[in-house]
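In: no FASTA, just this:
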C-alpha cells in the first residue's frame with residue numbers, strides 16, 4: 001500500500017490588482033517560487049491555472065467566500081501535493097518562499113480567515129480547487145481537525161494529532177537551499 005500524500009491549499013487577497021506597482025514584487029517572484037517548489041524535497045506536484053501556460057489545472061479554479069465584496073474575480077492561491085508535512089514546512093518557511101513571505105504583508109490584505117489548510121489524500125488522489133476551498137472554509141468555521149488542519153495543530157494520515165519533526169525540517173531545508181541557490185540570489189535582488 002502506498003502512503004498518503006499531503007494536500008496543501010492557500011488563499012489570499014492582494015492590496016491591488018496584479019498589474020499594479022503595489023504587488024509587482026509578488027508577481028516577479030511567483031515563477032521563482034514555483035521553480036523552488038519543483039526543486040524541493042518531497043514536492044509531488046501542483047495545480048496550474050486555466051488561463052496560464054504550464055502545469056494543468058486540477059479542476060476549475062474557484063475561490064473561498066472571502067473573495068466576495070473584494071472587487072476581485074480571482075486571487076492568489078495555490079494547490080499542491082507533498083510527501084509529508086516536514087517537506088512542505090521546509091519549503092514554506094525557508095529559502096525562496098520564505099523570502100516572499102517576509103513581504104506578504106505589503107502585498108496582501110490582512111486576513112480574517114486561515115491563510116492555508118492541509119489535509120491528507122490517498123496515494124492516487126489528486127485534489128481539485130473546490131476541495132481546497134471547502135477545507136479552508138471548514139477550518140475557518142470548525143478549527144483544526146483531521147479533515148482540515150494547519151502547521152500549528154497537525155494531524156497524521158491516520159487522523160491522530162502528531163508532532164512535526166523539526167530536525168527533519170531543518171535537514172530538508174538545508175538540502176532545498178543547496179538546490180535553489182540561484183533562485184534565492186535572483187529573488188533577493190528584486191525590489192519588494
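Out: Great, that's in hand. None of these values were measured; they are calculated from a predicted model. Numbers count the residues shown, from 1 in each chain.

In: so what's residue 191 closest to, chain neighbours aside?
Out: Leaving aside its sequence neighbours, residue 191 sits nearest to residue 25 (Cβ to Cβ, 6 or more residues apart in numbering; 6.1 Å). C-beta: built from backbone N, CA, C; applies to glycine.

In: For burial, what's the neighbour tally of the one you found?
Out: When neighbours are defined as other Cβ atoms under 10 Å, residue 25 has 18 of them.

In: Contacts only, for it.
Out: Contact analysis of residue 25 by Cβ atoms under 8 Å, 6 or more residues apart in numbering lists 103, 106-107, 190-192.

In: Format those as TSV; extra columns: secondary structure.
Out: Converted to TSV, the contacts of residue 25 look like this (DSSP: H, G, I helix; E, B strand; the rest coil):
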residue	secondary structure
103	coil
106	helix
107	helix
190	coil
191	coil
192	coil
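
In: In ChimeraX, how would I select just the buried ones from these?
Out: The buried subset of the contacts of residue 25, as determined by 16 or more other Cβ atoms under 10 Å, is captured in ChimeraX by this line:
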select :103,107
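
In: Distance to residue 79 and pLDDT for the contacts of residue 25 - can I get that in a markdown table?
Out: Shown next, in a markdown table, are the contacts of residue 25 (distance: Cβ to Cβ, whole Å; pLDDT from 0 to 100):
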| residue | distance to residue 79 | pLDDT |
| --- | --- | --- |
| 103 | 22 | 89 |
| 106 | 24 | 91 |
| 107 | 19 | 95 |
| 190 | 25 | 90 |
| 191 | 28 | 82 |
| 192 | 26 | 73 |
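
In: Report the distance from the one helix or strand residue 26 maps to to the chain centre.
Out: Using DSSP states H and E, residue 26 falls within helix 24-39. Its chain's C-alpha centre and that of helix 24-39 lie 12 Å apart, by Cα atoms, centre = their mean, to the nearest Å.

In: now stretch 26-43
Out: Distance of stretch 26-43 from the chain centroid (Cα atoms, centre = their mean) equals 10 Å.

In: In it, which residues are buried?
Out: 26, 29, 32-34, 36-37, 39-43.

In: Residue 49: which of those is nearest?
Out: Nearest to residue 49 among those, counting by Cβ to Cβ, is residue 34 at 10.7 Å.

In: list the contacts for that closest one?
Out: By Cβ under 8 Å, 6+ apart, the neighbours of residue 34 are 46, 54.

In: immediately after the lowest-mean-pLDDT helix or strand in the chain, which helix or strand?
Out: None of the helices or strands of the chain scores lower by mean pLDDT, DSSP states H and E than helix 104-107, at a mean of 91. Sequence-wise, the next helix or strand downstream of helix 104-107 (DSSP H and E) is strand 116-121.
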